[in-house]
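Enquirer: Predicted model and sequence below, questions to follow.
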Amino acid sequence: MSKMKVLFHVNQKESWDTALGNMINLIKDVGEDAVDIVVVANGPSVMAFIEQDLLGMMNELADKGAVFEVCRNSLKKMCFGPDACISEASLPSFVKVIPAGITEIIKKQAEGYAYVKP
Amino acid sequence: MSKMKVLFHVNQKESWDTALGNMINLIKDVGEDAVDIVVVANGPSVMAFIEQDLLGMMNELADKGAVFEVCRNSLKKMCFGPDACISEASLPSFVKVIPAGITEIIKKQAEGYAYVKP
Amino acid sequence: MSKMKVLFHVNQKESWDTALGNMINLIKDVGEDAVDIVVVANGPSVMAFIEQDLLGMMNELADKGAVFEVCRNSLKKMCFGPDACISEASLPSFVKVIPAGITEIIKKQAEGYAYVKP
């Protein structure tokens, strides 16, 4: 069988636990070499990348091949004050910034990725 | 590249802000001529069409080619009293009523539309 | 036209009402012979199978051909005490247990099923 392909769309902070649990179960079930996993984070979900709670689990999944993409539009909107937005430099190294998460979500489905909204 | 195609599935009132924001970002990113946008509204989300808050933004997106479709089954269920349901005549002119939102969601994916649940 | 195919992804208990309503509307709209319906339940949504509220409606939909699949990983996590998890024997007979819901969701989309997150 050809490699499985899946895109996880995470747009709320509360969805990360489910999303990461799904990814762990998926890799356990089929093996990391059998599946291409892309995560597109937009909206308030991007806050998770500057907090500590989930970075360890994300890093492990990235080591197993999961690609974490974050929407630049969303980063720009996540500010706690005029000079306190999320800077791209503050993101963990396994995160890839993309211009627009929504465009990526559409393109990936056109490339045959299944869509999952945890 | 062929034109991008996307279906936004909006079934909760709280999802409109995200959905409309996604659509604005998408058009900004790829241009309104590069993408076919269809919105299928069912469930409580249909209430937004008889309130004022978001109609201006929706109208602008409709002017850029986004198609707003609303589920007739859902309209019939949205009543505030025995004689106070949403009448189709009260809907803004850019909204198209379809018999069953769920059927449209399935058909559009079969036609190659990406699915996005904001 | 070829038969329509749709996968409903239900991962929260609160989503069942919407999901079952969607399925009823769909069958009313196109007829039970025109559509293959698969429901994949994972996460807390699996609790619905050991409660009474919705089993009657689910059973009717199963009689019309809807296939209810439940994730074994999720069953194992739904425990109310050390010896009080959901046992597979306690599930209604129309429910099929699958090893990993997430894998099924990806496979079904690769087979042409539309994805719906109620």
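Expert: Perfect, I can see it now.

Enquirer: got the residues of chain A near chain C?
Expert: Contact residues (Cβ under 8 Å from any Cβ of the partner chain) of chain A with chain C: A:4-6, A:18, A:22-23, A:25-26, A:28-30, A:35, A:112, A:114-118. (Glycine included, C-beta is placed from N, CA and C.)

Enquirer: Tell me which of those residues fall in helices.
Expert: Mapping the residues of chain A next to chain C onto helices (DSSP state H) picks out A:18, A:22, A:23, A:25, A:26, A:28, A:29, A:30.

Enquirer: Narrow the residues of chain A next to chain C to just the buried residues.
Expert: A:4-6, A:18, A:22-23, A:25-26, A:29-30, A:35, A:114-118 (16 or more other Cβ atoms under 10 Å in any protein chain shown).

Enquirer: Following the chain past the least confident helix or strand in chain A by mean pLDDT, name the next helix or strand.
Expert: Sorting the helices and strands of chain A by mean pLDDT, DSSP states H and E puts helix A:72-77 at the bottom, at a mean of 94. Remark: after helix A:72-77, the chain's next helix or strand is strand A:95-98, criterion DSSP states H and E.

Enquirer: What is that next one packed up against?
Expert: Under the contact criterion of 3 or more Cβ pairs under 8 Å, 6 or more residues apart in numbering or on different chains; DSSP states H and E, strand A:95-98 touches strand A:67-71, helix A:72-77.

Enquirer: Can you sort out which of the buried ones among the residues of chain A next to chain C also neighbour chain B?
Expert: A:115, A:117.

Enquirer: Tabulate the ones in helices among the residues of chain A next to chain C (a markdown table), appending pLDDT.
Expert: Below are these laid out as a markdown table (pLDDT from 0 to 100):
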| residue | pLDDT |
| --- | --- |
| A:18 | 97 |
| A:22 | 98 |
| A:23 | 98 |
| A:25 | 97 |
| A:26 | 98 |
| A:28 | 97 |
| A:29 | 98 |
| A:30 | 98 |
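
Enquirer: With respect to chain B, which of those residues is nearest?
Expert: residue A:18 (13.7 Å; Cβ to the nearest Cβ).

Enquirer: Verify the contact between that closest one and residue A:117 for me.
Expert: No - counting by Cβ atoms under 8 Å, residue A:18 sits too far from residue A:117 to count as a contact (9.7 Å).

Enquirer: For residue A:38, the count of nearby residues, please.
Expert: 19 (other Cβ atoms under 10 Å in any protein chain shown).

Enquirer: Which residues of chain A lie near chain B?
Expert: A:9, A:11, A:42-43, A:71, A:73, A:99-103, A:105-107, A:109-110, A:115, A:117.

Enquirer: Narrow these to those that are buried.
Expert: Neighbour-count burial (16+ other Cβ under 10 Å) applied to these gives A:9, A:11, A:42-43, A:71, A:73, A:100-103, A:105-106, A:109, A:115, A:117.

Enquirer: give me the low-pLDDT residue ranges for chain A?
Expert: The model of chain A has pLDDT under 70 over residues A:1.

Enquirer: In contact with the residue nearest to residue A:17 when sequence neighbours are not counted, which residues are there?
Expert: Sequence neighbours aside, residue A:54 is the residue nearest to residue A:17 in space, at 7.9 Å (criterion: Cβ to Cβ, 6 or more residues apart in numbering or on different chains). By Cβ atoms under 8 Å, 6 or more residues apart in numbering or on different chains, residue A:54 lies in contact with A:16, A:17, A:20, A:48.

Enquirer: measure the first one to residue A:48 for me?
Expert: Distance of residue A:16 to residue A:48, given as Cβ to Cβ, to the nearest Å: 5 Å.

Enquirer: Check the third one too.
Expert: Distance from residue A:20 to residue A:48, counting by Cβ to Cβ: 10 Å.

Enquirer: dump the residue contacts of the closest residue to residue A:114 other than its chain neighbours.
Expert: Nearest residue to residue A:114, sequence neighbours excluded (Cβ to Cβ, 6+ apart): residue C:109, at 3.8 Å. Neighbouring residues of residue C:109 by Cβ under 8 Å, 6+ apart: A:114, A:115, C:7, C:115.
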